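Participant: Please find the sequence and the predicted model below.
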Amino acid sequence: MQELVQFIQTTGFLNFSWGNLLMMGFGLLFVWLAITKGFEPLLLVPIGFGMLIGNLPGVAEQGLGVDDTGSVFNLLYFGVKHGIYPSLIFMGIGAMTDFSTLIANPKLILLGAAAQFGIFATFIGSILLGFNVMEAASIGIIGGADGPTSIYLASNLAPHLVGSIALAAYSYMSLVPVIQPPIMRLLTTKKERLIRMKPLRVVSKRERIFFPIVAFIVTTLISPGSVVLLGMLFLGNLLKECGVTERLAATARGTLIDIVTVLIGLTVGARTTAATFLTPASIKIFVLGAASFAVATASGVMFAKIMNLFIKDKINPLIGNAGVSAVPASARVSQVVGQQYDKSNYLIMHAMAPNVAGVVGSAVVAGVLLGILGQ
């Protein structure tokens with residue numbers, strides 16, 4: 001009987017709390033949304049299952065949790081804590097990204113820049129809600145809708161908030177098709193939604209090869225703190241475009257990014273425990289994240305409308321939403337909303353220009369913040 005009692009005491013059944021149940025419920029909700037609704041399943045399935053792992057009572061008591069030095073999950077979390085996983089994901093993104101649309105119509109980079117206004121608006125809002133400067137900078141990056149960049153900056157400036165920030169960033173990335181369309185419709189007229197943009201010119205192979213090299217040098221001179229993320233991004237793109245390293249490019253955009261996505265989702269989810277997540281700070285982060293994402297979307301759309309006041313070849317403002325870094329989800333939203341008003345209007349290729357510009361823009365902003373605050 002004594003051995004039986006000891007066995008029961010080692011199980012998690014006696015240690016369940018309402019916090020454990022609530023967080024495990026959130027994890028199951030993420031898995032359900034991924035499977036039944038198709039919301040970013042590659043992200044939400046590992047994150048949701050990681051939340052189940054991290055919130056099972058008894059795991060931490062046996063020294064097996066993410067925060068327990070030497071445990072398997074703690075060793076896997078090393079890649080998040082030190083920015084390794086986000087960097088590898090950026091290389092994979094670079095290897096699957098086509099910058100031709102941006103090269104063909106470089107003025108659309110301004111839409112990607114305008115969408116970063118959400119980051120600075122959230123930074124100010126975070127300060128007003130009582131977060132310190134380091135925490136506010138980490139929370140602000142959620143407005144770029146870039147999960148890897150959010151994790152990278154938070155791991156350097158506010159490691160204690162990585163779980164909440166990553167969960168908010170990936171949640172809003174998965175909800176791009178839900179959040180953005182109402183904002184896009186609200187801020188545009190029917191006439192603007194019907195604008196047809198001129199076909200893009202053909203971009204030469206030489207331009208595609210030179211672009212990642214030149215862009216890397218220029219952007220890192222502006223923001224040396226972004227050298228890790230942008231270095232990996234443009235290296236991956238050079239592997240894709242140079243024509244002599246296809247095996248490496250295929251690995252980066254395929255096997256490598258898949259493995260890292262599983263690891264980053266699983267460990268971030270496991271780090272999101274009831275003790276660290278069910279706090280007033282986490283609730284504020286989710287509210288600020290939603291606001292920042294809405295502001296970023298609105299900023300891109302409104303800036304496209306402003307640009308149309310000064311240029312001859314008009315821009316369809318619906319592509320302004322793609323200035324956030326959710327590639328290619330936000331570009332697909334531009335296409336879907338546009339075709340609701342004109343089924344023969346194809347906006348996705350145009351939308352990819354601000355979309356990839358947004359990836360670069362959020363990394364540049366993260367580098368600037370890291371350079372200023374990480375000293």
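Facilitator: Yep, that arrived. Numbering: from 1, shown residues only.

Participant: next one: phi and psi at the most centrally placed residue in the chain?
Facilitator: Closest residue to the average C-alpha location of the chain: residue 146 at 2.0 Å, with C-alpha atoms, centre = their mean. Backbone dihedrals for residue 146, given as degrees, to the nearest 10, come out at phi -130, psi 100.

Participant: Quick check: it touching residue 325?
Facilitator: Yes. Counting by C-beta atoms under 8 Å, residue 325 is a contact partner of residue 146 at 3.6 Å. In this view, the C-beta of every residue, glycine as well, is placed from N, C-alpha and C.

Participant: Give me the below-cutoff pLDDT ranges for the chain.
Facilitator: Residues of the chain meeting the criterion pLDDT under 70: 5-15, 375.

Participant: returning to that earlier point: could you measure from the residue nearest to the centre of the chain over to residue 299?
Facilitator: Separation of residue 146 from residue 299 (C-beta to C-beta, to the nearest Å): 15 Å.

Participant: Need the residues touching each of residue 146 and residue 325.
Facilitator: Residues touching both residue 146 and residue 325 by C-beta atoms under 8 Å, 6 or more residues apart in numbering: 358, 359, 362.

Participant: Report the contact partners of the first one.
Facilitator: The neighbours of residue 358, taking C-beta under 8 Å, 6+ apart as the test, are 112, 115, 116, 144, 145, 146, 322, 323, 324, 325, 327, 330.

Participant: go on, residue 290?
Facilitator: Counted by C-beta under 8 Å, 6+ apart, residue 290 has contacts 172, 179.

Participant: Please tell me how far it sits from residue 297.
Facilitator: Noted for residue 290: a distance of 11 Å to residue 297, by C-beta to C-beta.

Participant: Next: residue 360.
Facilitator: Distance from residue 360 to residue 297, counting by C-beta to C-beta: 18 Å.

Participant: And residue 159, by the same measure?
Facilitator: Residue 159 is 29 Å from residue 297, by C-beta to C-beta.

Participant: Those two: which is more packed in?
Facilitator: Per other C-beta atoms under 10 Å, whichever of residue 159 and residue 297 has more neighbours is residue 297, with 29 against 13.

Participant: quick one: that one and residue 182 touch, right?
Facilitator: No. Residue 297 is beyond contact range of residue 182, at 9.6 Å (criterion: C-beta under 8 Å).

Participant: Roughly how far does residue 33 sit from residue 47?
Facilitator: Distance from residue 33 to residue 47, by C-beta to C-beta: 11 Å.

Participant: Could you do residue 305 as well?
Facilitator: 36 Å.

Participant: out of those two, which sits in the busier spot?
Facilitator: residue 47 (29 against 16).

Participant: Regarding the more buried one, which helix or strand does it belong to?
Facilitator: helix 41-54 (DSSP states H and E).

Participant: C-terminal to that helix, which secondary structure element comes first?
Facilitator: Past helix 41-54, the next helix or strand by DSSP H and E is helix 72-81.

Participant: Give the buried residues for that following helix.
Facilitator: 73, 74, 76, 77, 79, 80, 81 (16 or more other C-beta atoms under 10 Å).

Participant: cool, stretch 92-101 as well?
Facilitator: With burial defined by 16+ other C-beta under 10 Å, the residues of stretch 92-101 counted as buried are 92, 93, 94, 95, 96, 97, 98, 99, 100, 101.

Participant: Next, work out how far apart the nearest residue to the last one once chain neighbours are set aside and residue 190 are.
Facilitator: Meaning residue 101. Leaving aside its sequence neighbours, residue 101 sits nearest to residue 353 (C-beta to C-beta, 6 or more residues apart in numbering; 4.2 Å). Applying C-beta to C-beta, the value for residue 353 to residue 190 is 24 Å.

Participant: More neighbours: which of these two?
Facilitator: residue 353 (27 against 8).

Participant: List every C-alpha atom in the helix or strand hosting residue 23, with coordinates, as CSV.
Facilitator: Under the criterion of DSSP H and E, residue 23 resides in helix 18-32. These are the backbone C-alpha positions of helix 18-32, laid out as CSV (Å, rounded to 0.1, in the frame of the first residue of the first chain):
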residue,chain,number,x,y,z
TRP,A,18,-7.3,25.2,-13.0
GLY,A,19,-4.3,26.9,-14.7
ASN,A,20,-3.1,23.6,-16.0
LEU,A,21,-6.5,22.7,-17.4
LEU,A,22,-7.0,26.1,-19.0
MET,A,23,-3.6,26.1,-20.7
MET,A,24,-4.0,22.6,-22.0
GLY,A,25,-7.4,23.7,-23.3
PHE,A,26,-5.7,26.5,-25.2
GLY,A,27,-3.2,24.0,-26.6
LEU,A,28,-6.1,21.7,-27.8
LEU,A,29,-7.8,24.8,-29.3
PHE,A,30,-4.7,25.6,-31.3
VAL,A,31,-4.5,22.0,-32.6
TRP,A,32,-8.2,22.1,-33.4
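
Participant: could you say what helices and strands it packs with?
Facilitator: helix 41-54, helix 274-277 (3 or more C-beta pairs under 8 Å, 6 or more residues apart in numbering; DSSP states H and E).

Participant: between it and helix 41-54, how big is the angle?
Facilitator: Helix 18-32 runs at 160 degrees relative to helix 41-54, counting by axes from the mean of the first three to the mean of the last three C-alpha atoms, to 10 degrees.

Participant: Just the buried residues of helix 18-32, please?
Facilitator: Neighbour-count burial for helix 18-32, counted by 16+ other C-beta under 10 Å, picks out 20, 23, 24, 26, 27, 30, 31.

Participant: Might you quantify the distance of it from its chain's geometric centre?
Facilitator: Mean-position distance between helix 18-32 and its chain equals 22 Å (C-alpha atoms, centre = their mean, to the nearest Å).

Participant: Looks like residue 360 contacts residue 116 (just checking).
Facilitator: No. Using C-beta under 8 Å, residue 360 makes no contact with residue 116, being 10.1 Å away.

Participant: Going along the chain, name the helices of the stretch 151-300 of the chain.
Facilitator: With DSSP state H, counting those that start in this stretch as the criterion, the stretch 151-300 of the chain has helices at 162-174, 176-187, 190-193, 205-222, 227-241, 246-251, 257-271, 274-277, 280-307.
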